[in-house]
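Enquirer: just to be clear, the model below is a prediction. Sequence and coordinates:
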Amino acid sequence: MFLNTLFVMSALLTVVSAVLVLTTKNIMHSCVFLLGSLIGIAGLYATLGADFVAATQVMVYVGGVVILMLFAVMLTGGKDFVSKAQNLMGLAPTMGNAWTYGVSALVGLVFLFTNIQLLTRLGTMSKLKNDGAFESTVNKIGHLLVKDHILSFEISSVLLLGALVGAAIIARPRKQ
Amino acid sequence: MNQTVVSFLAQYEFFDFLTKIFGENSLLLTTLIFLIFSVAFVAVAATIGGLGTYAERKISADIQMRMGPNRVGPYGLLQFLADGVKMMMKEDIMPRTADKFLFYLAPLLCLLGVFATLAVLPVSSGFTLTDLNVGVFYLIAISSLVGLGVFLGGYASNSKWSMLGGMRGASQIISYEIPVTLSVLAITLLSGSMSFGKITDLQAGFITNWFVFHNPFAFLAFIVYFVGAMAETNRAPFDLPEAESELVSGYHTEYTGMRFGFFALAEYIEVFVVSAVAAALFLGGYNLPFHISIDFLPIQFVQLSILVGKALMLYYVVIWARWTFPRLRVDHLMSVCWKYLTPIAIFNLVGCAVWMVAFNGQSLAQLIFGH
Amino acid sequence: MISLASYLIISMILFVIGLMVMIARKNIVAILLGIELVLNAAALNFVAYSKFVTNNLDGHIFALFIIVVAAAEAAVGLAIVIRFFQLKETIHVDEATQLRN
């Protein structure tokens, strides 16, 4: 019951904020709505019993990525490109013709039916019970990270170092 | 399963009486208990925040040999209530070119980030709202909402001073998060857990069991944590975001009335939360210096007052530092973080790991005095 | 209510919205927002599958790596955006037509 409430709230937060990211014209507001969506996803992780992933999600996105995005918006002027393409409601003539719309509708239908087929089969697959009592995943994740997934762990640390140095070098103003 | 205040209360007799009224495993009862405790926590925290403003003025007056507030109530003790009433009566002004949505959102984000940390604050062995097994991590993560609130407040006001203050605030908060997190990680390494309850339980007993005296690296980690936390809460000598001599008052220049009150309240409560976390992680938390059965309910209040007392002592140090140290310069602030605190914190982390391996997890006192 | 299908539907909605943001917006930062949404949709799928199907924690590990990669991508991407703005004075994505100078 409690999990269901949490699930519904998180799912609503996620989806509504994501839609607002798409439809808001002001990019600063978009960033804030993205934050709402990401926190909603953290709530969804919590309903799945993934406590560590949920905390990491909040840690990385709230404390890091979203503030970084806001910084970038401010450093680049935060200008909206007021074109019809940005406002999806009035996008019709700018983004394609009858041919592209026809093809995309066909692809969309195929996509939809495939998904429905898959989902109905998966619906019967989820036989796991949800008794509301989760065990801690932190210790297991720690062991997995340094035993089974040690290589990817190390590679991701190299990736982060590369990103750190690369971002610092790229963004540094150069002497002309 | 995480231990919560509900599972703590469930071991007492009056809980059986409640379950008779509400039925077994009632969601309503659980929600009600959580609601009561959350409201109580928030109310107490807000009172502590309000009293913090009073304490700040009184202590600063003491340091500068003045009287401080002394008119409202005994010793001016009710001054913060008068200030609160004044703030609520004030006109709520918003600049015409401000970003309305973000202007309304920013103070709320600040307050939300601070109040959300109260959920895992280990005030006593039973009254902790929930003892999450990722508690420390959660606390660090959710308190970064404050940085976002500061930043958005600075941006939304559409004023130069606010903008500069918000930029400074955000960069300062996300920079100082790194040494703070690394110092906390050192404690996680020593205790082998991220749950506040377990970390506190490991420090039970005499003062030598506190993690701050566990080894020299942990002592350094405590200092790094405290300095970093002071910077993260925008307290002097790190109050660059609201430096009134350079930036009017930084990110909340354009805020009036209760919205400004929210920012101020969030700051004061955050100082208390940070002090309480320091007390819980390094200074033994709610533990009494001798063993006592925790089943006896009034013991919980003793533990509560011990933790709050430790936190208030650190609070005093924070205020003391504010009125004795001059403010740093912006570039000095960043070099303190990146060139000094972060390397020291990494050194501490490695040192703690080496200590744990070399001495098999024994503390300094255990090595000297035996077991 | 809480079943694999509901998570997959939410994840699909997120993915599609992220894709639409990437297509419809012309601001490079907004495109990065879309990429974040898409990556999060994928991570949500991994965690949901690891809960309902495989019943181990490999999905969690993968979600953590996705978060790491997303953070690195955001840092480098935004650095490029800022550099691009210094050169071109705009961050309209259609202006990014040259690889040199």
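Expert: Nice, I can see it.
Enquirer: walk me through the domains of chain A.
Expert: By the record's domain assignment, chain A is partitioned as A:1-79, A:97-126, A:135-176 (automatic domain parsing).
Enquirer: redo these as TSV? Include distance to chain C and mean neighbour count.
Expert: C-beta coordinates here come from the backbone N, C-alpha and C atoms, glycine included. What follows is these, written out as TSV (distance: least, C-beta to the nearest C-beta, whole Å; neighbours: other C-beta atoms under 10 Å in any protein chain shown):
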stretch	distance to chain C	mean neighbour count
domain A:1-79	4	21
domain A:97-126	4	11
domain A:135-176	4	14
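Enquirer: lowest mean pLDDT across these, which one is that?
Expert: The minimum mean pLDDT among those belongs to domain A:97-126 (a mean of 75).
Enquirer: show me how far that domain is from its chain's centre.
Expert: Relative to its chain's centre, domain A:97-126 lies at 21 Å (C-alpha atoms, centre = their mean, to the nearest Å).
Enquirer: what's the burial count for residue B:332?
Expert: By other C-beta atoms under 10 Å in any protein chain shown, 12 other residues sit near residue B:332.
Enquirer: and the helices in the chain?
Expert: Unless you meant another one, I'm taking chain A. Remark: helices assigned in chain A by DSSP state H are A:2-23, A:27-47, A:51-57, A:66-75, A:98-125, A:138-146, A:150-171.
Enquirer: to clarify, I was referring to chain C.
Expert: Under the criterion DSSP H, chain C contains helices at C:4-24, C:28-49, C:58-88.
Enquirer: hmm, the shortest one touching chain A?
Expert: It stands for helix C:4-24. Yes: with C-beta under 8 Å from any C-beta of the partner chain as the measure, helix C:4-24 is seen reaching chain A through C:4-10, C:12-14, C:17-18, C:20-21, C:23-24.
Enquirer: and residue B:313, which of the domains of chain A is closest to it?
Expert: With respect to residue B:313, and counting by C-beta to C-beta, the nearest of the domains of chain A is domain A:1-79 at 28.4 Å.
Enquirer: and the closest one, is it in reach of chain B?
Expert: Yes: Domain A:1-79 lies within reach of chain B by C-beta under 8 Å from any C-beta, at A:1-2, A:26, A:28-29, A:32, A:35, A:51-52, A:55-56, A:58-59, A:62-64, A:66-67, A:70-71, A:74.
Enquirer: would you point out which residue is most central in the chain?
Expert: If you meant another chain, say so; for now it's chain A. Averaging the C-alpha coordinates of chain A gives a centre point, and the residue nearest to it by C-alpha atoms, centre = their mean is residue A:38 (6.0 Å).
Enquirer: to clarify, I was referring to chain B.
Expert: Geometric centre of chain B, nearest residue: residue B:273, 1.8 Å, by C-alpha atoms, centre = their mean.
Enquirer: in the stretch 201-350 of chain B, where is pLDDT below threshold?
Expert: With pLDDT under 70 as the threshold, the stretch 201-350 of chain B has low-confidence stretches at B:240-241, B:243-246, B:291-295.
Enquirer: any chance of the helices of chain C in CSV, plus distance to chain B and mean neighbour count?
Expert: Formatted as CSV, the entries for the helices of chain C read as follows, by distance: least, C-beta to the nearest C-beta, whole Å; neighbours: other C-beta under 10 Å:
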stretch, distance to chain B, mean neighbour count
helix C:4-24, 19, 20
helix C:28-49, 14, 23
helix C:58-88, 12, 20
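Enquirer: looking at the ones you listed, which is nearest to residue B:117?
Expert: The closest approach between residue B:117 and any of those, judged by C-beta to C-beta, belongs to helix C:58-88 at 21.6 Å.
Enquirer: tell me what that closest one is packed against?
Expert: When contacts are defined as 3 or more C-beta pairs under 8 Å, 6 or more residues apart in numbering or on different chains; DSSP states H and E, helix C:58-88 sits against helix A:51-57, helix A:66-75, helix A:138-146, helix A:150-171, helix C:28-49.
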